[in-house]
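> just coords:
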């Protein structure tokens, strides 16, 4: 999207109304996971599932905004400690978004790569925040105990924070990316295609069936959806006016 | 979120205060505690925050947050920084293999006090501010309407999704899926829940997008009006000035004592 335009226009183009209404949903998914782990004091976060899903649907910058909002609301709802970690959420959203854009979400090894990249980015930023903002421990979950144990063993605060954070993030992002992958696989192709990000998931028999059902439901034949399911479906106006029109115009073309 | 705040500007003075002034308050207090050379100002500000919480009528939950967060983090940091900080020179106590250093302890106290001031101020503002007013006040000074929508919609979405989860879970258990029991069976029940919740939320968002578009959400160059009106009173002006003057005084005092011209703080012996 927006290859020849200036960078900023491409970023703005991601923020269509369709993407904007997705953000609250993704933030909701994040918050449910995040508050679950926060109230159970699990040494996990699980507050990036929605961010990864939206990175597959709408692009990196929308995912970044989603990460920012997620941490803002985690701070409001669960514990204000989470606010500074917005930085790591934003960076993760960007990294995952661009990796998905590069087509890595289609293959298993790509997903593993995304998991590792996400874990590394999160480890580095989150431990920098933990060391410089909180002095080494936040006390919100079990990781702080692990950090303390490592400090005793290694006598170095930064390295202990980094290693405990790395362990935690590897597990946490693994679960997160796995769940997000399952979710994106479940989303029908017809739904994915309207976000015009041509790299998320590949067509499976499942989605073919879905398109077939959809065609049966409509009175007017709508070949556009099956033929150009990946193609960007015009502006929002043409969507709002009616699918019938956009379908016929495609037939003429 | 479970208890929706109903501070619509009719209660005590904290409820009536302009949200922007309260945000300024968070930063004025928090940054003040941050730049002050030691932890004393943080403790004073914490006392002020306790008073404010008592005025706002949220003292029990406020003290619960401060103690529930403050105690574990103090112990952790006292242990990590106090015993293992590389800055430690003066040993003030030692038990066996643990040597409590003065510098690390002071550093931990500084961090904890600053954090608690930030957290406490944030919590009080959060509890005394109706989000609609906050967003209305922010759009008044130029926040884009789209961001305002995002903030409000995200707040609404979580209760909606919780409701949806409840409905789907009931439907699934009516069909014989075991949803209770031990941890393992609960996790097992959690997985088939995710798909329907997420997919129905996504279709919902699609409809919402179309609805917003037909109501002219994406129109550019038009000033939208808001149902929620936030006015800027004289008391807000006064509070704004007070907070700014307070912050500037703290800044001045910390610069003076850090450069050693006039030390406002007691010298604890540990170098910074």
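Okay, I see it. Bear in mind the structure is a predicted one, so any value in this text is a computation, not a measurement.
> the host helix or strand of residue B:151: what's the following helix or strand?
Using DSSP states H and E, residue B:151 sits in helix B:145-174. Using DSSP H and E, the helix or strand that directly follows helix B:145-174 along the chain is helix B:183-214.
> neighbouring contacts of whichever helix or strand comes after that following helix?
Per DSSP H and E, the first helix or strand lying C-terminal to helix B:183-214 is helix B:234-258. For helix B:234-258, contacts defined as C-beta atoms under 8 Å, 6 or more residues apart in numbering or on different chains pick out B:13, B:16-18, B:20-21, B:24-25, B:27-28, B:31-32, B:35-37, B:41, B:262-265. All C-beta atoms are positioned from the backbone trio N, CA, C, and that covers glycine.
> relative to the whole chain's centre, how far out is helix B:234-258?
Taking C-alpha atoms, centre = their mean, to the nearest Å, one finds helix B:234-258 lying 22 Å from the centre of the chain it belongs to.
> in that helix, what counts as buried?
B:236, B:239, B:240, B:243, B:247, B:250, B:253, B:254, B:257 (16 or more other C-beta atoms under 10 Å in any protein chain shown).
> contacts for stretch A:112-127, please.
By C-beta under 8 Å, 6+ apart, stretch A:112-127 touches A:48, A:52, A:85, A:87-88, A:91-92, A:95-96, A:99-100, A:104-105, A:158, A:161-162, A:165-166, A:169-170, A:172-174, A:176-178.
> about what we covered before: so which elements touch the helix holding residue B:151?
Using 3 or more C-beta pairs under 8 Å, 6 or more residues apart in numbering or on different chains; DSSP states H and E as the contact test, the elements touching helix B:145-174 are helix A:17-40, helix A:60-77, helix B:131-140, helix B:183-214.
> report the buried residues of that helix.
B:145, B:148-155, B:157-158, B:161-162, B:164-165, B:168-169, B:172.
> same question for stretch B:102-114.
B:102-114.
> contact partners for residue B:46?
Contacts of residue B:46 by C-beta under 8 Å, 6+ apart are B:66, B:113, B:116, B:117, B:120.
> host element of the nearest residue to residue A:99 once chain neighbours are set aside?
Of all residues not flanking residue A:99 in the chain, residue A:114 sits nearest, at 5.1 Å (C-beta to C-beta, 6 or more residues apart in numbering or on different chains). Assigned by DSSP H and E, residue A:114 belongs to helix A:108-134.
> now do stretch B:115-135: distance to the chain's middle.
That offset, for stretch B:115-135, works out to 6 Å (C-alpha atoms, centre = their mean).
> close to chain A, is it?
Yes. Under the criterion of C-beta under 8 Å from any C-beta of the partner chain, chain A is reached by stretch B:115-135 at B:115, B:118, B:119, B:122, B:123, B:126.
> pLDDT at the third one, what is it?
Just to be clear, that refers to residue B:119. With respect to pLDDT, residue B:119 has a value of 85.
> can you report how many residues lie near the nearest residue to it once chain neighbours are set aside?
The shortest distance from residue B:119 to any non-neighbouring residue, by C-beta to C-beta, 6+ apart, is to residue A:80 (4.6 Å). Residues within reach of residue A:80, counting by other C-beta atoms under 10 Å in any protein chain shown, total 19.
> what does residue B:207 give?
Residue B:207 is flanked by 10 other residues according to other C-beta under 10 Å.
> one more: the one 5 residues further on?
Summarising burial for residue B:212: neighbours were counted as other C-beta under 10 Å, giving 19.
> isn't it up against residue A:16?
No. Shown here, residue B:212 and residue A:16 do not form a contact pair, counting by C-beta atoms under 8 Å, at 11.1 Å.
> mind checking the SS state of residue B:103?
helix (DSSP: H, G, I helix; E, B strand; the rest coil).
> I'd say it and residue B:91 touch.
No. Residue B:103 lies out of contact with residue B:91 (C-beta under 8 Å); the separation is 10.1 Å.
> helices or strands up against the helix or strand of chain B with the lowest mean pLDDT?
None of the helices or strands of chain B scores lower by mean pLDDT, DSSP states H and E than strand B:91-95, at a mean of 71. Counting contacts by 3+ C-beta pairs under 8 Å, 6+ apart, strand B:91-95 is packed against strand B:98-101, helix B:102-128.
> could you measure from residue B:229 over to residue B:136?
Residue B:229 sits 7 Å away from residue B:136, going by C-beta to C-beta, to the nearest Å.
> I'd like the buried residues of helix B:234-258 as JSON lines, with pLDDT appended.
Shown next, in JSON lines, are the buried residues of helix B:234-258 (pLDDT from 0 to 100):
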{"residue": "B:236", "pLDDT": "87"}
{"residue": "B:239", "pLDDT": "90"}
{"residue": "B:240", "pLDDT": "91"}
{"residue": "B:243", "pLDDT": "91"}
{"residue": "B:247", "pLDDT": "91"}
{"residue": "B:250", "pLDDT": "89"}
{"residue": "B:253", "pLDDT": "86"}
{"residue": "B:254", "pLDDT": "85"}
{"residue": "B:257", "pLDDT": "81"}
